[in-house]
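>>> Structural data only, the sequence is not supplied:
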C-alpha cells in the first residue's frame, strides 16, 4: 500500500525499472503531478474477528453504518493462499437454505462452492438472502462452534439496494450474525475489485478458528466485478473449504452469484465459474414469469458434493423426486401436441404438476428442514394427488400448523424408520379429511 500527499491511498500492482503502476482506492481529483508518494509498509488488510458480525463495512473494512469504529478486532491480509489438499476434508455437514427446492434437489454442504446463476430479475439474490435468514433459528439451537456466520459482499450494486438488504436482515434479527461488505456502483473500480477478497478474509477468520461461515458474492459477473480473468475467480473461490479435523474442522461455504445474458450459460465468465465451483443453481426467466419461484431449472441445476451432506431422511425421499420431475418435464413437452393421452401419461402429468407446485415458496419465508421433509413426504407419496392445484398451498399450511412434536423428533434421526413413515402417512391422510 502507498499513500499520496493528499491522503488518498493506493495499491502498487505493477513494478517496472523506471516506474510503478498504482491502483488508486479513492478519488483521483486531489492527485497532482509531482506529488510525494510514500510507502505505508503494509499490504492491503482488513479488520477481522468476533466483533465484525452486525457491521456494514466498505471494501477496506471501514464501517459505513454510522455505528462508530470497530473494537477488539485483529487485521488480516486480503490476499491469502487457499488451504492445500492435506488441510481439507470432504464436505459432509449440511448447510440448510430453508428452500424446499434447494435442500431437496441441489443440497449444499458446509465448505462447498455452489454457483447461483441466471438472468437479471430471476431471484438470485432472494435465494442468498433466504439462506441467511434461515440460519436465525438454527443458530439459536446450537453452540457457537456450530453456528453459521454469514458474510454478504455487495459488488457494484446501488446503495439503495444495500440499504434495503440491511433493513431486511435487521428486521429479521439476522444482522447479529452477518457482515455486509459493500462496494457500490459509485465506488472506484479498485474497491469493487477488492471487496470479494476482503469479505473472504473476514469469513476465513471463522473457518480457521473451528467455526463455520457462509460468504455470498453478489455478483461476480463482468458488469459488477472488474476482473474477468480466470485466475481472479479461481484464487477467490478456492479459499472456500472444509478444514480437516487436525486444522480445526471449520468451514467456509461460498455462494457466488453470476448474471447471464438471455440465459447464455456458455459465455466466458459463466463457464469459467461453473468449472471452478462444485455445482450450480440455474434460475430461468420463463419459470419465474410462470410463477414457479424459486425459478430453479432442476434439469440444469446440480450439486456435485452436497448429497454427501444431505440429511438421510431427505436423501431417501428425494431419490424418486428428481426422477419424477424429469419424467414430468419429458412428458409435458409432448403432451401439448396431443390430447389423447394414456392413463400412465395422464398420471405423470397430474402428479408432476403437484410436485412443481409444492416446491414453490414465497420470498423471505425459509422452512426448517424437518418441516420440509413432511411436505415432500406428502408430495412424493401421492397425498397431494387428491387435491386441486389451487388448494395445495392451503394443505401445506394445514400440515405444518398441525404437526405433532413426536413426528418432528423422529425426523431428526439418521434414518426415516418405518415407524416414522407410518406416523407421517397417517398424519398426512388425517389432514386430507
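Noted; the coordinates are in hand. The shown structure was predicted, so the numbers you read here are calculated from the model rather than taken from an experiment.
>>> could you pull out the strands for the stretch 201-350 of the chain?
212-218, 251-259, 279-283, 302-303 (DSSP state E, counting those that start in this stretch).
>>> my guess is residue 400 meets residue 370, correct?
No: the criterion here is C-beta atoms under 8 Å, and residue 400 misses it with residue 370 at 10.3 Å. Any C-beta I mention is one placed from the backbone N, CA and C, and that applies to glycine too.
>>> ok, back up a step: turn the strands of the stretch 201-350 of the chain into a markdown table, including distance to residue 337, mean neighbour count and mean pLDDT.
Shown next, in a markdown table, are the strands of the stretch 201-350 of the chain (distance: least, C-beta to C-beta, whole Å; neighbours: other C-beta atoms under 10 Å; pLDDT from 0 to 100):
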| stretch | distance to residue 337 | mean neighbour count | mean pLDDT |
| --- | --- | --- | --- |
| strand 212-218 | 41 | 27 | 98 |
| strand 251-259 | 34 | 27 | 97 |
| strand 279-283 | 26 | 24 | 97 |
| strand 302-303 | 29 | 20 | 94 |
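>>> Make JSON lines from those and add distance to residue 169 to it.
Shown next, in JSON lines, are those (distance: least, C-beta to C-beta, whole Å):
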{"stretch": "strand 212-218", "distance to residue 169": "12"}
{"stretch": "strand 251-259", "distance to residue 169": "15"}
{"stretch": "strand 279-283", "distance to residue 169": "21"}
{"stretch": "strand 302-303", "distance to residue 169": "25"}
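>>> Residue 293: which of these is closest?
Closest approach to residue 293 among those (C-beta to C-beta): strand 279-283, 9.4 Å.
>>> so where's this structure shaky on pLDDT?
In the predicted model, the chain carries pLDDT under 70 at residues 223-224, 226-229, 414.
>>> which other helices and strands contact the lengthiest helix in it?
Criterion DSSP state H: the longest helix present in the chain is helix 312-335. Judged by 3 or more C-beta pairs under 8 Å, 6 or more residues apart in numbering; DSSP states H and E, helix 312-335 is in contact with helix 100-105, helix 343-358, helix 369-380.
>>> residue contacts, residue 52?
Residue 52 makes contacts with 70, 73, 179, 202, 205, as judged by C-beta atoms under 8 Å, 6 or more residues apart in numbering.
>>> Revised request: answer the last question for residue 287.
Contacts of residue 287 by C-beta under 8 Å, 6+ apart are 293, 295, 296, 297.
>>> can you pull out the helices in this structure?
Along the chain, the segments classed as helices by DSSP H run 100-105, 124-141, 159-171, 189-208, 230-237, 268-276, 285-289, 312-335, 343-358, 369-380, 392-401, 405-411, 418-432.
>>> Export the ones you listed as JSON lines, with columns for distance to residue 49.
Formatted as JSON lines, these follow (distance: least, C-beta to C-beta, whole Å):
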{"stretch": "helix 100-105", "distance to residue 49": "31"}
{"stretch": "helix 124-141", "distance to residue 49": "18"}
{"stretch": "helix 159-171", "distance to residue 49": "20"}
{"stretch": "helix 189-208", "distance to residue 49": "6"}
{"stretch": "helix 230-237", "distance to residue 49": "21"}
{"stretch": "helix 268-276", "distance to residue 49": "29"}
{"stretch": "helix 285-289", "distance to residue 49": "39"}
{"stretch": "helix 312-335", "distance to residue 49": "35"}
{"stretch": "helix 343-358", "distance to residue 49": "43"}
{"stretch": "helix 369-380", "distance to residue 49": "30"}
{"stretch": "helix 392-401", "distance to residue 49": "39"}
{"stretch": "helix 405-411", "distance to residue 49": "36"}
{"stretch": "helix 418-432", "distance to residue 49": "43"}
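>>> buried residues in stretch 272-280?
Residues of stretch 272-280 classed as buried: 272, 273, 274, 276, 277, 278, 279, 280 (neighbour count, 16 or more other C-beta atoms under 10 Å).
>>> mind putting the residues you listed in CSV, distance to residue 99 included?
CSV is the format used below for those (distance: C-beta to C-beta, whole Å):
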residue, distance to residue 99
272, 26
273, 21
274, 21
276, 23
277, 18
278, 18
279, 15
280, 15
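>>> Let me know the closest of those to residue 215.
For these, the closest approach to residue 215 (C-beta to C-beta) belongs to residue 277, at 12.9 Å.
>>> How about the contacts made by that closest one?
Counted by C-beta under 8 Å, 6+ apart, residue 277 has contacts 113, 114, 115, 237, 254, 256.
>>> What is the burial count for residue 408?
If you count neighbours by other C-beta atoms under 10 Å, residue 408 ends up with 14.
>>> For it, which non-adjacent residue is spatially closest?
Residue nearest to residue 408 in three dimensions, not counting chain neighbours: residue 370, with 5.0 Å by C-beta to C-beta, 6 or more residues apart in numbering.
>>> now swap in residue 65 and tell me
Per C-beta to C-beta, 6+ apart, closest to residue 65 is residue 56, 3.9 Å.
>>> How about residue 168?
Counting by C-beta to C-beta, 6+ apart, residue 168 lies nearest to residue 129, which is 6.5 Å off, once chain neighbours are set aside.
>>> now do residue 200
The shortest distance from residue 200 to any non-neighbouring residue, by C-beta to C-beta, 6+ apart, is to residue 239 (5.2 Å).
>>> How many residues are close by the one you found?
If you count neighbours by other C-beta under 10 Å, residue 239 ends up with 22.
>>> cool, residue 317 as well?
20.
>>> Same question for residue 323.
Residue 323: 10 surrounding residues under other C-beta under 10 Å.
>>> measure it to residue 107 for me?
Residue 323 is 16 Å from residue 107, where distance means C-beta to C-beta, to the nearest Å.
>>> what do you get for residue 180?
Taking C-beta to C-beta, one finds residue 180 at 26 Å from residue 107.
>>> No further questions, thank you.
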